[in-house]
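1. heads up, no residue letters with this:
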């Protein structure tokens, strides 16, 4: 098969393309869904296919197929599509040079999910549900989604890069709800690993059930938040989603180039000097870690913000070339040492779609404050420990919903608060970070940008002196 | 029609011989041609066509599923083995009522247009250029961050061991453009416009111009005070909020499992008498209109909320059976590799009889909200929402003063439905929602300005 991929790359060049790349995938997928104590469905499938992406006439063409036999047709089709697009293209697509690689990357699972019986998985997650539902009669429902993927990806291009890379992930999410009178509570817990099934051995159903049940019942007792501007201390789970949603998306080079907030701030101060932000695909065990991205670029740790200053963005090969060109033509000013090399952030959801600039493990680096020090001088504020969801906009407006929060009163953690959310402008908010904790934790997540990919995010506890809190109670 | 579906009927017999009590095979062919706007220019053209099957088998009420994008005999035999193995590993379910019996599919019209299948990549590139140029010609402040023009052709065939055997095809064509406007250091929020149709009748020029107009209009600033005020939600904001609250509340599974505030409330007043909502899987030219649902059950039109009174829920055959109702034809299915789930078809909010302009002119003081951020962090059981309204325009004495930043709507969406005070006639359709702009009174608004 690999010979056929090489031949097809050459075939694309012979049709007039200036660049050809082929991606292939063969993945074994297993998933299951549980509703309360019922197994809704158990799924097992194999997904296999290939795609060809070419540059011809300065434009992109892309075609995918499920069969190797039709790969040459797809290649011909991609070249034809590129020439159609080339009629509209104003500035020809260029790619930044990168070192070519020939490599085989094998993952040695800590426990291969494909070797864990479906019946064993079912029993484990039914037990989790039973434990939660029987914990307290105010707990009303349990939903669980599990999936694992194990297989291989191929990446071959006309620069000579040839990579065969194993793919593995294991993931699950529990959502439980509780009710007391008119108060409804919902709580989500998510676990995942790119190393294997062991994550579920390390977090047995009994312990998880206790954690989820306590969080739910706490919400039923919780106060509603006051709306307005308050100081907040965010735990690693909220720090992670904030840095991913509010800042990370703006630092994806395609978003910046599209007119986003950061474009004319490259090299400038955008955050408090306490803030250091990086995106790292090499963190051992990070849910967004991998060795090569979907353009065959060796993934690395990229520093984006250093002591409050933007020192780089996340790039694929096209955006890296574009930024460099804009700097060369003096359309953009950046600081000394600003990174414009490709960072290995090109990722595709699967063979059916071309890669986009995506995050991997995006984090705020630790500082030297303890949580106690951050809290002790606050007369009133909120401690935000776990998020429900978040979303950001190119103008820098973000929103993060919080599922686990507490009041901070006179320097101490007080009563729990439910259905709180925070919002603000990213840069203003990062400027107001006045304490960065000495702890660090990485979370498991998914990021949607038309395509969905697995990511990690995290950091320490951080404190922000001013944050808009959306509460049901108006002051 | 593609002929892939003809050669798979044997799979059902094969599944029964391998231990399935019941089996259902779903075949899906899809073809997509798309042109994208990236980094501010039309620079990319994509094609994909794919067929595949998803097999559901039932063993003692336990459901197993597997899929394949190869229709080779050997691969399909593996699909059967995997699905049966999955079902046998699962737990018997005494509530299982069986796969649906055959019924005649609904008669629907306007969901297939041969001209959409025939469109060439050159024509789509032209449409994309027209859309992008309309935006950049509108103002030099505009940059397009994303855009697409797409044509799709799909075919679905569905068979089960009770003799159900249905098939149909559909087309869709659409375009969308997202823009931001920049003036010095000031960046507008993302503003997007769209036009999705079953037939070849999209208007890329209008989409481009309107996306640009919205972004430019968002640069002018206005202030808003914290408190309660009247709020008009446009289609994208309604789409996000209804999707994470009301759809959850009227989903039959949530109703039966008491995860819905509407459990036990059929016939009660749950919304303003101005509000009339139906789910109509047979709507002419509806984007989710189809003769049958993801289990082969005929689609239908059903009242959900009539003059504020709760009239019905959405069911698939399983939850319909558990609740003692029939399936309402609401088992949605994304593609061959996914299993059916309860979902809305075309959720239609009945239009009123005033225009959007009249609605705004008649407003003493309030906000117009194009879209919201954070709807997915809403509490679907309680209805509590805490979202950023962005873009959001301030209206005083019928006049749009400018856009406000940092406005949060912190309210309860189910309570807000009781405060619908006007419905415009500017109906838009995108994904599941067919709706005009809707006005709500006394909405709780939190702001950043102090």
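-> Cool, the structure landed. Since the model is a prediction, treat every value here as computed from it, not as a measurement.
2. please name the nearest non-neighbouring residue to residue 65.
-> Because you didn't say which chain, this covers chain A. Excluding its sequence neighbours, the residue lying closest to residue A:65 (C-beta to C-beta, 6 or more residues apart in numbering or on different chains) is residue A:74, at 4.4 Å. Every residue, glycine included, has its C-beta placed from N, CA and C.
3. switch to chain B, please.
-> residue A:43 (4.4 Å).
4. wait, that neighbour touches residue A:118, no?
-> No: Residue A:43 is beyond contact range of residue A:118, at 9.5 Å (criterion: C-beta atoms under 8 Å).
5. comparing these two, which residue is more hemmed in?
-> In terms of neighbours (other C-beta atoms under 10 Å in any protein chain shown), residue A:43 is the more surrounded of residue A:43 and residue A:118; the figures are 25 against 21.
6. counting by contacts, list what the strand or helix carrying the more buried one packs against.
-> Take DSSP states H and E as the rule and residue A:43 turns out to sit in strand A:38-56. Packing partners of strand A:38-56 (3 or more C-beta pairs under 8 Å, 6 or more residues apart in numbering or on different chains; DSSP states H and E): helix A:2-14, strand A:19-35, strand A:59-65, helix A:71-86, helix A:118-133, strand B:62-68, helix B:73-89.
7. partner strands of the second one and their direction?
-> Based on DSSP bridges, the strands next to strand A:19-35 in the sheet, each with its direction, are strand A:38-56 (antiparallel), strand A:139-157 (antiparallel).
8. list the residues that contact both of residue A:43 and residue A:118?
-> Listed as contacting both residue A:43 and residue A:118 by C-beta atoms under 8 Å, 6 or more residues apart in numbering or on different chains are A:30, A:32, B:86.
9. can I get the residues you listed in TSV with pLDDT?
-> Output for the shared contacts of residue A:43 and residue A:118, formatted as TSV (pLDDT from 0 to 100):
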residue	pLDDT
A:30	95
A:32	95
B:86	93
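10. quick one: which of those is most hemmed in?
-> With neighbours defined as other C-beta under 10 Å, the most crowded of the shared contacts of residue A:43 and residue A:118 is residue B:86; it has 28 neighbours.
11. these two touch, right, that residue and residue B:64?
-> Yes: the criterion here is C-beta under 8 Å, and residue B:86 meets it with residue B:64 at 3.3 Å.
12. how is chain A carved up into domains?
-> Chain A is divided into the following domains under automatic domain parsing: A:2-221, A:228-470.
13. what residues does the stretch 201-350 of chain B have near chain A?
-> Proximity of the stretch 201-350 of chain B to chain A (C-beta under 8 Å from any C-beta of the partner chain) is limited to residues B:226, B:227, B:228, B:253, B:257, B:258, B:259, B:261, B:337, B:339.
14. inside strands: which ones of the residues you listed?
-> The members of those that map onto strands under DSSP state E are B:227, B:228.
15. can you give me the end-to-end distance of stretch B:292-312?
-> With C-alpha to C-alpha, to the nearest Å as the measure, stretch B:292-312 spans 19 Å from end to end.
16. quick check: buried residues in that stretch?
-> Using 16 or more other C-beta atoms under 10 Å in any protein chain shown as the burial criterion, the residues of stretch B:292-312 that qualify are B:292-302, B:304-306, B:308-312.
17. kindly report the same for stretch A:268-277.
-> For stretch A:268-277, a neighbour-count test (16+ other C-beta under 10 Å) marks A:269, A:270, A:271, A:272, A:274, A:275, A:276, A:277 as buried.
18. repeat for stretch A:83-94
-> Judged by neighbour count (16+ other C-beta under 10 Å), stretch A:83-94 contains these buried residues: A:83, A:84, A:85, A:86, A:88, A:89, A:93, A:94.
19. so the last one, which state does it fall into?
-> Translated: residue A:94. Under DSSP: H, G, I helix; E, B strand; the rest coil, the three-state class of residue A:94 is coil.
20. excluding its backbone neighbours, what's nearest it?
-> Leaving aside its sequence neighbours, residue A:94 sits nearest to residue A:321 (C-beta to C-beta, 6+ apart; 4.4 Å).
21. tell me which strands and helices the strand or helix carrying that neighbour is in contact with?
-> For residue A:321, the host element (DSSP H and E) is helix A:317-328. Under the contact criterion of 3+ C-beta pairs under 8 Å, 6+ apart, helix A:317-328 touches helix A:253-257.
22. and the helix or strand just after the helix it packs on, which strands flank it?
-> Once the chain leaves helix A:253-257, the next helix or strand it forms, by DSSP H and E, is strand A:277-280. Note on strand A:277-280: by DSSP bridges, its sheet partners are strand A:301-306 (antiparallel), strand A:361-364 (antiparallel).
23. got the residues of the stretch 151-300 of chain A near chain B?
-> With C-beta under 8 Å from any C-beta as the criterion, the stretch 151-300 of chain A meets chain B at residues A:177, A:179, A:182-186, A:227-229, A:254-255, A:257-261, A:264.
24. of these, buried ones?
-> Looks like those have A:177, A:179, A:183-186, A:227-229, A:254-255, A:257-261 buried, using 16+ other C-beta under 10 Å.
25. show me what contacts residue A:127?
-> Going by C-beta under 8 Å, 6+ apart, residue A:127 touches A:205, A:206.
26. quick one, phi/psi of residue 365?
-> No chain specified, so I'll use chain A. When read as degrees, to the nearest 10, the backbone of residue A:365 gives phi -80, psi 150.
27. can you get me a residue count around it?
-> Around residue A:365 there are 16 other residues, counting by other C-beta under 10 Å.
28. need the contact list for the residue lying closest to it once chain neighbours are set aside.
-> Distances taken as C-beta to C-beta, 6+ apart place residue A:276 nearest to residue A:365, at 4.0 Å, with adjacent residues excluded. Residues near residue A:276 by C-beta under 8 Å, 6+ apart: A:303, A:305, A:306, A:307, A:364, A:365.
29. out of these, which is most surrounded?
-> Neighbour tally across the contacts of residue A:276 (other C-beta under 10 Å): the maximum, 29 neighbours, falls on residue A:364.
30. what about that one, distance to chain B?
-> Distance of residue A:364 to chain B, given as C-beta to the nearest C-beta, to the nearest Å: 21 Å.
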